[in-house]
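In: Below are the sequence and a predicted model; questions follow.
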Amino acid sequence: MDVIDVFPRLAGLSLRDAAGLFVAEGTPVFPCVPGGKRPLVEHGFHDATTNPAQVEAWWQRWPQANIGIPTGAASGVEVVDVDVHTAGTGFPAFGAAHREGHAAGWAALVRTPSGGLHAYYPADPDRSQPSWQAARAHVDFRGAGGYIIAPPSRIARPNGTRVPYRLVVVSGNTAEPVDAARLRDFLDPRPASPFTSARTVRGIRRDADLKVLAGWVASRGEGERNRGLFWAACRLAEAGTPPSAALDALGPAADHAGLGAREIMATIRSAYRTTHADPSREATTAATDERRAMRESSGRVLS
C-alpha cells in the first residue's frame with residue numbers, strides 16, 4: 001500500500017513536501033483548510049489527484065493546507081476512525097472488535113489530534129465498502145465515498161495551537177482488509193424487530209401494525225434512526241404497501257426521531273429500490289408509485 005509506505009518518511013516534512021511525497025508514490029491527495037478538515041476545492045475528495053503540477057499549484061496557493069486522502073479504491077486504503085470527544089470514546093468498542101477478530105488486520109495506526117485513532121487497512125479491490133458511522137460506539141468507517149486527513153496535517157485547538165496527526169506504528173504483519181459490514185454489525189447491532197416473525201411482517205394489519213411500526217421508528221435514537229427507518233420501510237415494501245402510504249405512516253415518526261424531510265424520503269426510496277431490486281412488473285409499478293409519491297410529498301411538512 002503506497003499510503004502506508006509513505007508514513008515513515010513524513011517526519012520533518014512540510015505539508016507541501018508531504019503532499020508531494022504522497023503523489024510521487026501514487027496516492028491521490030487534495031487540500032483542506034489549514035487547521036481543519038473542510039476541503040478547499042470545489043468537489044472535495046472527488047478532486048483528489050496524483051498530478052504533481054496540480055498538487056504543487058494547490059500547495060503554492062495554500063502552503064498550510066491539510067492533506068486529504070480519499071478512502072476506498074482511489075487510494076487503496078480504508079480507515080476505522082476511533083473517536084474521542086465529550087460524548088464518549090470509541091476505544092472500548094474498537095478494543096472489543098479487535099479481540100474478536102473484526103478489526104485485527106490493520107496496516108498502520110495514526111494518533112489523531114483529538115486523542116483518537118485512525119486504523120488503516122488495505123482496501124479489497126474486489127469489494128467496495130461504503131463509509132458509515134456507528135455513533136453509539138463512537139467509531140466511524142471511511143471507505144467508498146469518504147476521506148481522511150493524513151499526517152502531518154494539523155487540527156486547530158480552541159486556544160490557537162495546532163495538534164498534528166502522528167504515526168504510532170506500522171504493522172510488521174501482513175495487513176488484511178477489514179470486513180466493514182461485519183464490523184458494523186458487531187459495533188452497532190441492527191435494532192430488534194418490533195414484530196415476532198417474518199410471517200407477521202408480511203401480513204401487516206394496516207391500523208394496528210402500522211402504528212406499532214411507526215412508534216418503533218419514532219423511538220430510535222441517534223445512530224440507529226436511519227437504519228431503523230430503512231428496515232421499517234423495507235418491511236412495508238415487502239408487504240405491498242404503496243410508497244405514499246409508507247411515507248404517510250413512517251414520515252412523522254422519523255421526523256420525531258430527528259431525521260430531516262429529505263433524508264426521510266431518500267431512505268424510503270432506497271428501501272423500496274432494495275426490496276424491489278428484481279426488474280419485474282411489480283418492481284416497476286412500485287418504482288412508479290414511489291416517484292409519484294415523492295413528487296407529491298416534496299413540499300409536505302412531516303409533523
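Out: The structure has been received and is ready for your questions.
In: what bits of the stretch 51-200 of the chain have low per-residue confidence?
Out: Applying pLDDT under 70 to the stretch 51-200 of the chain picks out residues 190-200.
In: what about 50?
Out: 196-200 (pLDDT under 50).
In: With adjacent residues omitted, what lies nearest to Val217?
Out: Nearest residue to Val217 in three dimensions, chain neighbours excluded: Ala253, at 4.1 Å (CB to CB, 6 or more residues apart in numbering). Placement of C-beta: from N, CA and C, glycine included.
In: which SS state does the one you found fall under?
Out: Here Ala253 is helix, with the state taken from DSSP: H, G, I helix; E, B strand; the rest coil.
In: Can you report how many residues lie near it?
Out: Other residues within reach of Ala253, judged by other CB atoms under 10 Å, total 25.
In: what's the answer for Val169, then?
Out: When neighbours are defined as other CB under 10 Å, Val169 has 12 of them.
In: Also Ala74?
Out: Neighbourhood size, Ala74 [other CB under 10 Å]: 17.
In: Could I get the phi/psi values of Ala144?
Out: Torsion angles at Ala144 (phi, psi; degrees, to the nearest 10) stand at phi -60, psi 130.
In: which ones are touching the nearest residue to it once chain neighbours are set aside?
Out: Excluding the flanking residues, the one nearest Ala144 by CB to CB, 6+ apart is Gly72, at 3.9 Å. By CB atoms under 8 Å, 6 or more residues apart in numbering, the contact set of Gly72 is 78, 123, 128-129, 143-146.
In: Can you say which of the residues you listed are buried?
Out: When the contacts of Gly72 are checked for burial by 16 or more other CB atoms under 10 Å, the buried set is 78, 123, 129, 143-144, 146.
In: what two of those residues are the furthest from one another?
Out: Ala123 and Gly146 (11.3 Å; CB to CB).
In: Common neighbours of those two, please.
Out: Contact with both Ala123 and Gly146 is made by residues 71-72, according to CB under 8 Å, 6+ apart.
In: so how far is Ala135 from Asp255?
Out: Asp255 is 19 Å from Ala135, where distance means CB to CB, to the nearest Å.
In: Could I get the phi/psi values of Val139?
Out: Val139 adopts backbone torsions of phi -130, psi 130, taken as degrees, to the nearest 10.
In: so it sits right up against Val82, yeah?
Out: Yes. Between Val139 and Val82 a contact is recorded at 5.7 Å, counting by CB atoms under 8 Å.
In: Common neighbours of the two, please.
Out: The contact lists of Val139 and Val82 share 90, 94, where a contact means CB under 8 Å, 6+ apart.
In: out of these two, which sits in the busier spot?
Out: Of the pair Val139 and Val82, Val139 is the one with more neighbours under other CB under 10 Å, namely 29 against 26.
In: Bridged to the more buried one, which residues?
Out: Val82, Ala134 (DSSP bridges).
In: and whichever strand or helix holds Arg269, what other elements does it pack with?
Out: Using DSSP states H and E, Arg269 maps to helix 261-275. If you count contacts as 3 or more CB pairs under 8 Å, 6 or more residues apart in numbering; DSSP states H and E, helix 261-275 packs onto helix 225-238, helix 243-257, helix 281-297.
In: Buried residues, it. List them.
Out: For helix 261-275, using 16+ other CB under 10 Å, the buried residues are 261, 264-265, 267-269, 271-272, 275.
In: Where do the strands of the chain begin and end?
Out: Here the chain has its strands, by DSSP state E, at 30-32, 66-70, 77-82, 84-85, 88-89, 108-111, 117-122, 132-134, 139-142, 147-150, 154-156, 162-164, 166-170.
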